[in-house]
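Colleague: Predicted model and sequence below, questions to follow.
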Amino acid sequence: MIRRLCSTIALVLLLFIASTQTSLAAAGKEYSADLFNATINVQNNGDLLITEAVTFRFVGGPFSFVYREIPTDHTDNISIVSASIDGHAMGQGTTAGNYEVGSGNPLKVTWHLQPQSDTVHTFQLTYQVQGAIQQTRQADLLDWNALPTNYAYNIKKASVTVNYPARTHLINAPSVVQGPATITQPLTAGSVTYNASDLTDNTPIEVGMQFQAGSLIQAEPQWQRNQQEVSTFLGPGLLGAFGIAILSILGAIFYQRKRQPPVVTSAIQPGSITTPPADLSPAVAGALVTSPIRGNGSFNQALGTLLDLANRGVVTIVGNESTTTQAARTPADFSVQLQSVPEQLTPYENLLITNLFGGPAEGTQPVPFSEVYTSVQARLKALDVPIREEFQQRGLVESTYAPAHKNLGRLSLLFFIISLVGTLATLIVAANLYAWPLGLIPLGFLPASFILLIMRGSLRYFSPQGIQLIKQCQAFDKYLHALLHDNRMRSSDMEQKQDIFMRYLPYATSFGWGNQWIQNFEQLGGTALPPWFLAFGQHSPNEPDYSNAANYNYNHNLATMMIITNSHSYQPINYGGGSSGNFSGASFGGGSFGGGAGAGGGGGSGAG
């Protein structure tokens, strides 16, 4: 009983502590501004003497500082005159009771306080701004963010009063460039008041006033002159960059045209190529057809080569023992078995056998067809080497390709370095002179660098002889397609069909459409599975008897072969016709107010 009572008391205490902490967390600390008053006194020389007074209401706490950030953009200089709290002047320092002035842009002023909570204080700041009045063609312009533009508290009431000398006058009505303020003008000239209330986070009050030209300043402020100098250099900088880019690109095009003039090949009549051109192997012919730009090899060529080796008795395709139905069989139900290794093998064939079987020795273990694709894909780059060596031996590669490829690569890298280093160096040197747009000139080498890379990739790889041979291979590919729909093929005897089917199956497969070749011959009828495609449980090739159609049925239908030729996806061949300061730069009516260069003032404000 006592134990249960103790447990209950402990639980109640925990709940009480948790609720107390939640209440304290909910209370937290927050602040708002009851008043934010700014008085802007325009001096006879165009300087601004600004006094800001903000009354903060602190709820919770503790609070130990208040800050104000004033951007120096669109000014020549800002100097702090004084700071106070509740009418008591403060000295400069970093301890409580003093104010601290930072450096840089924005200029940050921080009031340091003794930690306090649930209180109200008025913070006042006076500072002088040089160069705030801008010079336009029509007027001396004041465009100023009188309130911070980056703050996270509510302002109950705000008032901005602008006082200006009697010797000048407004040529247009004062404007509220940004914000919800209303304007009040007394009967006597020399003062304008902007009023607003219930302002939420980051709500600005940007005031705009146009005075008689030359009545406040005789020349534009330094920052405005600097801005005009930047604009002066911007055109030449962009023009120089554009010119360098164009000249570099034209030079590269001229270089490429000179090194690799256009190739004109002779026309090939349809149906004139009925055998593999130049006695090419399925691998080389397939690479030329499926990749006529670069001659890259793929799994198509490896599979076509395997079928060609099978025709020559080097390998057989063996059906593994399986309990699945024919419709459910996969490439894993078949294996490639090495039978013999003749001496006359191409380098590609030797490498393929080595990769699949581990060496040209008889009696190696069969390789499941499900592993053939994975094995070939893993060594595709190595298998590409003998194909390219044969390209070189046959004179199919353009002799200027390698040096042009290297030179364009080096030139692209050089242009990139010039662009990077030249731009940075020019910006560093010219920044102090307000001529930084000149740094855009070496930047023109950057697009030229990328264009050179593109041109490098588009260099013609094949020689005129190679391009002619590619067209012949493509014509042979078209001939094989047409052969499937030739009426003479349909009416030929079984032996002739079988011969054509087996002889050109490796090429159709290497060209990427072996499945279509098999499927069409199955529809033609009178064609058996090749003798090297062994049935389940069969260990040596059998020569079928084509004299009796009934003997044809000893083989499965040709669709069985599509299980292995479909061990990857084929792509159709398409023959083409050839090879920070928190500064508000707000605009009014689509541009800066009064034709000026943007507003000064603004910045941030807060407490903590």
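Modeller: Ah, there it is. If you're wondering where the values come from, they're calculated on a predicted model, not measured in any experiment. Numbering: from 1, shown residues only.

Colleague: what's the spacing between the closest residue in space to T346 that isn't next to it in sequence and L443?
Modeller: Nearest residue to T346 in three dimensions, chain neighbours excluded: S281, at 5.8 Å (Cβ to Cβ, 6 or more residues apart in numbering). Where C-beta positions appear, they are placed from N, C-alpha and C, glycine not excepted. According to Cβ to Cβ, to the nearest Å, S281 stands 51 Å off from L443.

Colleague: now do Q377
Modeller: 42 Å.

Colleague: Domain ranges for the protein, per the record?
Modeller: Domains of the chain are assigned by automatic domain parsing as 28-219+590-607, 228-259+402-457, 277-398+460-556.

Colleague: how long is the shortest one end to end?
Modeller: The distance separating the two terminal residues of domain 228-259+402-457, taken as Cα to Cα, to the nearest Å, comes to 43 Å.

Colleague: Report the rounded mean pLDDT for it.
Modeller: With pLDDT averaged residue by residue, domain 228-259+402-457 scores 82.

Colleague: before we move on, what about the last one?
Modeller: Domain 277-398+460-556 shows a mean pLDDT of 83.

Colleague: Go ahead and measure how far it is from the middle of the chain.
Modeller: Relative to the chain's own centre, domain 277-398+460-556 is displaced by 41 Å; criterion: Cα atoms, centre = their mean, to the nearest Å.

Colleague: what does the second one give?
Modeller: Between the mean C-alpha location of domain 228-259+402-457 and the chain-wide mean there is a distance of 21 Å, by Cα atoms, centre = their mean.

Colleague: and the longest helix anywhere in the chain, which residues are buried?
Modeller: Using DSSP state H, we find that the single longest helix of the chain is helix 222-259. Buried positions in helix 222-259, judged by neighbour count with 16 or more other Cβ atoms under 10 Å: 223-224, 227, 230, 233, 237, 240-241, 244-245, 248-249, 252, 255-256, 259.

Colleague: same deal with stretch 376-385?
Modeller: So, applying 16+ other Cβ under 10 Å, buried residues of stretch 376-385: V376, R379, L383, D384.

Colleague: Ok, which of the domains of the chain comes nearest P270?
Modeller: Nearest to P270 among the domains of the chain is domain 277-398+460-556 (6.9 Å), distances taken as Cβ to Cβ.

Colleague: Can you tell me the centre-most residue of this structure?
Modeller: F450 (14.8 Å; Cα atoms, centre = their mean).

Colleague: ok, now which ones touch that residue?
Modeller: Counting by Cβ atoms under 8 Å, 6 or more residues apart in numbering, F450 touches S412.

Colleague: and if you look at T119?
Modeller: Contacts for T119 (Cβ under 8 Å, 6+ apart) come out as F58, G61.

Colleague: Now it. Its backbone dihedrals?
Modeller: phi -150, psi 170 (degrees, to the nearest 10).

Colleague: bridging residues for it?
Modeller: F58 (DSSP bridges).

Colleague: part of a strand, is the residue nearest to the centre of the chain?
Modeller: No: according to DSSP: H, G, I helix; E, B strand; the rest coil, F450 belongs to no strand; its state is helix.

Colleague: Look up how far S248 lies from it.
Modeller: For F450 relative to S248 (Cβ to Cβ), the value is 11 Å.

Colleague: again with P204
Modeller: Following Cβ to Cβ, the distance that separates P204 from S248 is 46 Å.

Colleague: And for Q472?
Modeller: For Q472, the distance to S248 (Cβ to Cβ) stands at 39 Å.

Colleague: Please apply the same query to V101.
Modeller: 50 Å.

Colleague: now do S197
Modeller: For S197, the distance to S248 - Cβ to Cβ - is 61 Å.

Colleague: and of the buried residues of stretch 376-385, the nearest to G214?
Modeller: Closest to G214, out of all of the buried residues of stretch 376-385 and judged by Cβ to Cβ, is D384, at 78.0 Å.

Colleague: which one is that closest one nearest to, not counting chain neighbours?
Modeller: Closest residue to D384 apart from its sequence neighbours, by Cβ to Cβ, 6+ apart: G297 at 4.5 Å.

Colleague: What segments of the protein are helices?
Modeller: Going by DSSP H, the chain shows helices at 2-27, 222-259, 282-290, 299-311, 347-357, 369-378, 380-393, 401-431, 445-457, 464-483, 487-491, 494-510, 514-524, 562-565.

Colleague: mind putting these in CSV, distance to N105 included?
Modeller: Listed next are those as CSV, based on distance: least, Cβ to Cβ, whole Å:
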stretch, distance to N105
helix 2-27, 37
helix 222-259, 12
helix 282-290, 61
helix 299-311, 62
helix 347-357, 66
helix 369-378, 58
helix 380-393, 55
helix 401-431, 15
helix 445-457, 30
helix 464-483, 63
helix 487-491, 84
helix 494-510, 68
helix 514-524, 70
helix 562-565, 71
